[in-house]
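1. Pasted the sequence and its predicted model underneath.
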Amino acid sequence: MSSEVTQRNEWDMDLSGISGSLMLLMGLALMAVVASTLPATQQIAQGLQTLSYRGKSDSREHTSTETLSWIDLIHDYPYIPWISAYFINDGPDAVEIAVNYPNDRFILNPMETITVSRPGAEERIAIIFFKCAQGETARVRITGEY
C-alpha cells in the first residue's frame, strides 16, 4: 500500500507542475493579448482627451514684425493646448500665421478674421507663430478656447 501512496504523490506532483506551467502559459498569452490592445486603448484615451473641453477662454494681443515670433501655450500659460483659436488682424499690414509648425503658414490680411478649430484632432493648438513681411507690422487679437 505504501508503494501506491508513493506513486499517487508523485503523480500529484507532476500534475501540479503541469498545471503551474499551464497557468504560466495562459498568463503569458493573456499578457500578449493585453499588450496588443494597448495601442488601441491609448488611442481611445487620447481621443477622449482631445474631445475634452474645459470651456475656458484665453484672449491675447500680439504685435508681429518681420522677425518670427510665437506664443507657446504648453510651456507658458495656460500650459495646455487650445482646442480652437479666433484670429483678428487689426493691421496695418498682413501677417503670416502658423499653427504648431512654423513653415506651415497662412496669410491673414488687415481686417480679416479666421478661426482655427481642432476639436477632433490628435494634435491641438500648442504653439502659434507670427511673421510679417520685411518692414511691416500687424497687431493680431487672438481668442483661444481650451
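-> Thanks, I have the structure now.

2. Which residue ranges make up the domains of this protein?
-> Following automatic domain parsing, one gets these domains for the chain: 1-52, 57-145.

3. among those, which gets the worst mean confidence?
-> Looking over the domains of the chain, mean pLDDT reaches its minimum on domain 1-52, with a mean of 57.

4. Show me which positions of stretch 72-87 end up buried.
-> Residues of stretch 72-87 classed as buried under the neighbour-count rule (16 or more other Cβ atoms under 10 Å) are Leu73, Pro81, Trp82, Ile83, Ser84, Ala85, Tyr86, Phe87. Any C-beta I mention is one placed from the backbone N, CA and C, and that applies to glycine too.

5. whoops, I mixed them up, stretch 123-140
-> By 16+ other Cβ under 10 Å, the buried positions in stretch 123-140 come out as Arg124, Ile125, Ile127, Ile128, Phe129, Phe130, Lys131, Cys132, Ala138, Arg139, Val140.

6. Hmm, the fifth one is touching Pro102, no?
-> The reference is to Phe129. Yes: at 4.5 Å, Phe129 counts as touching Pro102 under the criterion of Cβ atoms under 8 Å.

7. shared neighbours, the two?
-> Counting by Cβ atoms under 8 Å, 6 or more residues apart in numbering, the common neighbours of Phe129 and Pro102 are Leu68, Trp70.

8. From Tyr146, how far off is Trp70?
-> Remark: distance between Trp70 and Tyr146 (Cβ to Cβ, to the nearest Å) = 17 Å.

9. Name the residue in those two with the higher neighbour count.
-> With neighbours defined as other Cβ atoms under 10 Å, Trp70 and Tyr146 compare such that Tyr146 has more, 20 against 14.
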